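Student: Next come a sequence and a model predicted from it.
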Amino acid sequence: MTTDTATHTDTAAITEAEAEAVVRAAYRAAEGDVLDVQGFADLFAEDGVFNNVNAGETYRGEHLGDLVGFMGALASDIHRELHRFHVVNKNLVVVELRIQGTVTGPFPTPAGVIPPSGQKLDIPTADFWYLDDAGKVKTFNCYVGVNIMLAQLGVQPDFAGAVGASASAGPAD
């Protein structure tokens, strides 16, 4: 039996190869030379969820591709260097990767917008993709090395400010 891995419709559980193919299709859709935000979102189940865990953000429904679009606008040459794939029980795909690209777009922050810098990004990341038996993404948990990304953007932590704020608040009761 032949199946389209990105739109598996068989009622039996997907195979490990199909699970990996779905995840690879998601990464391909998010590449700068493709940037198919809708194609990325279409790989998710109707109730699918994308969690940008380190940032505390959750995307659902029409917003599933928002972060893909944001990263494509930040670095038009965005690329995911895929290092290791582990398929667990056919419905979980764990990927070790690096998000790479050149900062060609603005990076909005609570303090204002960091302008495009031409800086190279190379961010270690771990992704956990949970698929349903139909081959659709139920949950995607993305763990990006935010501290490394911010350092590469030139954003440094304000330890002195945090120490000063902590000291002026007094001891905790």
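Tutor: That came in fine, so what should we check first? Residues are numbered from 1 along each chain as shown.

Student: Could you point out the longest helix of this protein?
Tutor: Scanning the chain for the helix with the most residues, using DSSP state H, yields helix 16-29.

Student: Please identify the next secondary structure element, helix or strand, after it.
Tutor: The C-terminal neighbour of helix 16-29 among helices and strands, as given by DSSP states H and E, is helix 37-41.

Student: Check which helices and strands the following helix or strand past that next one is in contact with.
Tutor: Sequence order places strand 44-52 as the next helix or strand after helix 37-41, per DSSP H and E. With contacts taken as 3 or more C-beta pairs under 8 Å, 6 or more residues apart in numbering; DSSP states H and E, strand 44-52 sits against strand 57-60, strand 137-144. Any C-beta I mention is one placed from the backbone N, CA and C, and that applies to glycine too.

Student: what's the closest of the ones you listed to V163?
Tutor: Proximity to V163 (C-beta to C-beta) singles out strand 137-144 among those, at 26.6 Å.

Student: How far away from the center of its chain is the closest one?
Tutor: Taking the mean of its C-alpha atoms, strand 137-144 sits 7 Å from the chain's own mean (C-alpha atoms, centre = their mean, to the nearest Å).

Student: tilt between that strand and strand 44-52?
Tutor: 20 degrees (axes from the mean of the first three to the mean of the last three C-alpha atoms, to 10 degrees).

Student: Strand 137-144: which residues count as buried?
Tutor: By neighbour count with 16 or more other C-beta atoms under 10 Å, strand 137-144 contains the buried residues V137, K138, T139, F140, C142, V144.
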